[in-house]
Structures are given as structure tokens and as C-alpha cells.
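[1] following is a predicted model, sequence given first.
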Amino acid sequence: MTMNLDATEQRLRSQLSRLLRRSSAVTSDLRAEHDDDWVERASELENDDVLEQLDDLTRNEVQQVRQALRRIQGGQYGRCVVCHSAIPEARLEAMPTADRCVGCQSPAE
Ligand SMILES: [Zn+2]
């Protein structure tokens, strides 16, 4: 694996922050003065309270990004979760949260 995982991780982390910021309309009054702190903390949390404030689509994306970050940390990033073959780098570039190779990806998704 020649891919730069640090860059990928950075990319996923900023995506996560962006997704969590989307919920700001719901909770802005709670943390108007601490927005940066909150986002910082929220990106560390595995906290369902945060997720409850997100709509389904955003929540789904947040979970995908978190899982991708966990795979990076666990050294499993870039492997298909179904057949365990390496996911092509170009696919990961296009979709950093991909956890399946093209062959295993359900056409419905
Ligand atoms: Zn596969």
C-alpha cells in the first residue's frame, strides 16, 4: 500500500467536522460560543447524542466516515470487507469511505 494514509485521515477528519457542523442549526444555541471546541470534541466522540441531532443521511455519512477512520487506525483501511482484496487506490481517492471493492459493492448503493 503506497497510499498516503495520513492525508486520507486528514481528509476524513475534515469531512467529519463538516458533517457535524451541518447539525449546527439544531444545536447552535447550545454551543454558539464554543463552536470550534464543540466540533473538536464532537469529532473525538463516539457519542450517539450527537448523532441523534443529525438527519438520517448525515448520520449515515458520519458513521461511514467514522468507520473509515477506525479502519485506518486498525490497519485495515483499503481492504474490501467482503473479499479482503485490496481496494484500488483510485477508488479510495474518489470515495475515501469505500469499504468494498467494485466487485463486492452492491449495485443498489
Ligand atoms: Zn471485494
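    Here it is on my side, so go on.
[2] near the ion, which residues of the protein show up?
    80, 82, 83, 101, 104 (CB under 5 Å from the ion). Bear in mind the C-beta positions are built from the backbone N, C-alpha and C, glycine included.
[3] neighbour count, pLDDT and secondary structure added to the residues you listed, as TSV?
    Shown next, in TSV, are the residues of the chain next to the ion (neighbours: other CB atoms under 10 Å; pLDDT from 0 to 100; DSSP: H, G, I helix; E, B strand; the rest coil):
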residue	neighbour count	pLDDT	secondary structure
80	17	96	coil
82	13	95	coil
83	11	96	coil
101	18	94	coil
104	14	94	coil
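[4] from these, which is closest to residue 57?
    residue 104 (23.0 Å; CB to CB).
[5] apart from its neighbours in sequence, what residue is nearest the closest one?
    residue 82 (3.9 Å; CB to CB, 6 or more residues apart in numbering).
[6] mind listing the helices for the protein?
    Applying DSSP state H to the chain gives helices spanning 5-21, 24-31, 35-44, 48-52, 56-73, 89-94.
[7] give me the mean pLDDT for the last one.
    Regarding helix 89-94, the rounded mean pLDDT is 93.
[8] which parts of that helix are buried?
    91, 92 (16 or more other CB atoms under 10 Å).
[9] mind exporting the C-alpha coordinates of it to CSV?
    Taking C-alpha atoms only, helix 89-94 is exported to CSV below (Å, rounded to 0.1, in the frame of the first residue of the first chain):
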residue,chain,number,x,y,z
GLU,A,89,-6.3,3.4,-4.9
ALA,A,90,-8.3,5.3,-7.5
ARG,A,91,-11.5,4.1,-5.9
LEU,A,92,-10.4,5.2,-2.5
GLU,A,93,-9.4,8.6,-3.9
ALA,A,94,-12.8,9.0,-5.4
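[10] output the below-cut-off pLDDT ranges for the protein.
    Applying pLDDT under 70 to the chain picks out residues 1-3, 23-53, 107-109.
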